[in-house]
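Peer 1: pasting the sequence and the predicted coordinates here, then a few questions.
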Amino acid sequence: MSQITNRMEKVAMPGLRRLLVWAAAAMGTLPGQPSPFHRAVIKPSIVRVAPGGQQRFKVVILATRLMAAQAPRNVTWSVNGIPGGNAEVGTIDATGLYRAPAAVPAPNEVVVRGEVEGAANRYVWATVIVGRADPAYKVVASWGEDLGQPGTHLVAPHGISIDHEGRLLITDQGAGRVFRYSKEGKFLDEIGLGPGSGDGQFTEPRYAHVDAKGNIYTVDLKSDRPRIQVFSPEGTFLRIFAPKGTGPGMILRGHGLWFDSQGRLYVTDVDNMRVSVFDAAGEFQFAFGKDGPGAADFNAPHGLYLDPNDDVFVNSYYGPTKKFDRHGNYLFSFAHGDPPDGPVYFHSLTGDRWGNVYLTVRTRAGYDGAVESNLGRKVSIAKYNNNGDFICNISLSVPEHAESWCAVDADGTIYALYKGRKRAGVEILKQQ
């Protein structure tokens, strides 16, 4: 099984006073926030185990300034969310000894989780692949609309997410609209007031995401208006914030959105080369990242995902993907460009409840440049675990279906948004 792995680098951010937050945010630094401390890692982070085999896992609290690495006082272990596991997916005891099931489970990718008392990141995850086969996904259903035909809605769909009711939110930059569909492809309704420059209207909407209350946040390319709009769960316009510009709290070209457990909104800004953070009321809090070649810098940041620890994953369009803590402290990088046959463009990013990361990938040909796997299939999505270990490539059913974005529901089903030459829609994939 191929892997793309990287050495972890620890970079502590400057410890300036919060009084300097506005000036420092404009420069891409993050003042007054804690540096990484008491972070836990799991070892090994990815492993292949034969049916009936065993693997011991351990958790280490990493060394920090003037403090040695140490073992945590207590770790609570689970397998696929089941405390201690079971006979179907394997068991794990209090010492971290995992025992694989006698038969290969379906799917054969299993997640071992350690809940770590006192760590800055409460959860750590490891990937176990049971048996010889690599993890694989299969398209189990798909739906779409014929482009340009009467009665259809999709024109050039760009982003997809799932709300708390299990409905799909699709932002369509070509139509200037935000649509809501059932997972089965039934058109339900439209969010907002359609194309235009007024409040509640859209100009090339990029992505939509819901907060804990179900309110819908959208990021848009309005030419002279604020970039973030908020709608009620029913689709009624509520407010608008984040004006166009380069200053603190301003956005030039927003692309990805996600919320942390405190309700703060994180937004990737492609042209300002940073991530901006706002509170639930839309007030600017801080920003991190800047244009440059440094470990914590960005190169056209696009996708964004926060895992259950509130750690932040951000992919640059030209790679790599970088992991930060919730304060913007850099942790490590993975998924670098891999020419000539591997991906060099990374359009979007999402994640699941196990902290896994899903990247939509392209070769140098851009939208038409699907990466070809060693099985001769066109790869649209690359899956990594929370530690940056490569897990598998994922293909759509029709090569001409150019990926744009994907969303993953609670049971791990992937909803991949695509646009072909004549149709646009969603392919639904499950792990086999």
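Peer 2: That came through fine. None of these values were measured; they are calculated from a predicted model. Numbers count the residues shown, from 1 in each chain.

Peer 1: just the CA atoms of stretch 280-291, as CSV, please.
Peer 2: Output in CSV follows, covering the C-alpha atoms of stretch 280-291 (Å, rounded to 0.1, in the frame of the first residue of the first chain):
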residue,chain,number,x,y,z
ALA,A,280,-20.9,33.4,16.1
ALA,A,281,-22.0,37.1,15.7
GLY,A,282,-19.6,37.6,12.8
GLU,A,283,-17.0,39.6,14.8
PHE,A,284,-13.4,39.0,13.6
GLN,A,285,-11.3,37.2,16.2
PHE,A,286,-7.9,36.4,14.6
ALA,A,287,-6.2,35.1,11.4
PHE,A,288,-3.3,32.8,10.7
GLY,A,289,-1.2,32.0,7.7
LYS,A,290,0.4,34.1,4.9
ASP,A,291,1.8,33.9,1.5
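
Peer 1: buried sites along that stretch?
Peer 2: Using 16 or more other Cβ atoms under 10 Å as the test for burial, stretch 280-291 gives Gly282, Phe284, Phe286, Ala287, Phe288, Gly289, Lys290. All C-beta atoms are positioned from the backbone trio N, CA, C, and that covers glycine.

Peer 1: now those residues in a markdown table, with pLDDT?
Peer 2: Conversion of the buried residues of stretch 280-291 to a markdown table gives the following (pLDDT from 0 to 100):
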| residue | pLDDT |
| --- | --- |
| Gly282 | 96 |
| Phe284 | 98 |
| Phe286 | 98 |
| Ala287 | 98 |
| Phe288 | 98 |
| Gly289 | 97 |
| Lys290 | 96 |
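
Peer 1: show me where the stretch 101-250 of the chain has strands.
Peer 2: Taking DSSP state E, counting those that start in this stretch as the test, the strands found in the stretch 101-250 of the chain are 109-116, 123-130, 137-146, 157-162, 168-172, 177-181, 187-191, 207-210, 216-219, 228-231, 237-241.

Peer 1: nearest to Asp310 among those strands would be which one?
Peer 2: strand 123-130 (10.6 Å; Cβ to Cβ).

Peer 1: so what strands line up beside that closest one?
Peer 2: strand 46-49 (parallel), strand 109-116 (antiparallel) (DSSP bridges).

Peer 1: pick the most deeply packed of these.
Peer 2: strand 109-116 (a mean of 23; mean count of other Cβ atoms under 10 Å).

Peer 1: off-centre distance for that strand?
Peer 2: The chain centroid and the centroid of strand 109-116 are separated by 19 Å under Cα atoms, centre = their mean, to the nearest Å.

Peer 1: then stretch 350-362?
Peer 2: For stretch 350-362 - counting by Cα atoms, centre = their mean - the centre lies 5 Å from the chain centre.

Peer 1: send the alpha carbons of it over as CSV?
Peer 2: Extracted C-alpha coordinates of stretch 350-362, given in CSV (Å, rounded to 0.1, in the frame of the first residue of the first chain):
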residue,chain,number,x,y,z
THR,A,350,-13.5,17.6,3.9
GLY,A,351,-13.4,15.1,6.8
ASP,A,352,-15.3,12.6,8.8
ARG,A,353,-16.1,11.8,12.4
TRP,A,354,-12.9,9.8,12.7
GLY,A,355,-10.7,12.7,11.8
ASN,A,356,-10.0,11.3,8.3
VAL,A,357,-9.3,13.8,5.5
TYR,A,358,-10.7,13.6,1.9
LEU,A,359,-8.9,15.6,-0.8
THR,A,360,-10.3,16.2,-4.3
VAL,A,361,-7.2,15.9,-6.6
ARG,A,362,-6.2,16.8,-10.2
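
Peer 1: check which residues of that stretch are buried.
Peer 2: Result for stretch 350-362 [16+ other Cβ under 10 Å]: buried residues Thr350, Gly351, Asp352, Trp354, Gly355, Asn356, Val357, Tyr358, Leu359, Thr360, Val361, Arg362.

Peer 1: what ranges do the helices span in the protein?
Peer 2: Assigned by DSSP state H, the helices in the chain fall at 21-26.

Peer 1: next one: the residue sitting furthest away from the middle of it relative to Thr321, how far apart?
Peer 2: If you look at how far each residue of the chain sits from its centre, by Cα atoms, centre = their mean, the farthest one is Pro150, at 34.6 Å. Per Cβ to Cβ, to the nearest Å, Pro150 is found 41 Å from Thr321.

Peer 1: for Gly254, same thing?
Peer 2: Taken as Cβ to Cβ, the span from Gly254 to Thr321 is 18 Å.

Peer 1: just checking, Ala126 touches Ser45?
Peer 2: Yes. At 5.1 Å, Ala126 counts as touching Ser45 under the criterion of Cβ atoms under 8 Å.

Peer 1: okay, and the common contacts of these two?
Peer 2: Asn385, Asn387 (Cβ atoms under 8 Å, 6 or more residues apart in numbering).

Peer 1: looking at these two, which one has more neighbours?
Peer 2: Ala126 (25 against 18; other Cβ atoms under 10 Å).

Peer 1: and this structure, what are its domains?
Peer 2: Annotated domains of the chain cover 18-130, 137-431 [automatic domain parsing].

Peer 1: confidence-wise, which of those is weakest overall?
Peer 2: Looking over the domains of the chain, mean pLDDT reaches its minimum on domain 18-130, with a mean of 87.

Peer 1: from the chain's centre, how far out does it sit?
Peer 2: Centroid displacement of domain 18-130 relative to its chain, using Cα atoms, centre = their mean, is 18 Å.

Peer 1: please renumber the chain so that the first residue is 425 from this point on.
Peer 2: Understood, numbering begins at 425; the last thing we discussed is domain 442-554.

Peer 1: hmm, back to that, nearest to Leu730, out of the strands of the stretch 525-674 of the chain?
Peer 2: If we rank those by Cβ to Cβ, the stretch that ends up nearest is strand 631-634, at 10.5 Å.

Peer 1: who are the packing partners of the closest one?
Peer 2: strand 581-586, strand 592-596, strand 640-643, strand 678-683 (3 or more Cβ pairs under 8 Å, 6 or more residues apart in numbering; DSSP states H and E).

Peer 1: quick one, which of the domains of the chain is packed in tightest?
Peer 2: Most buried of the domains of the chain by mean neighbour count (mean count of other Cβ under 10 Å) is domain 561-855; its value is a mean of 19.
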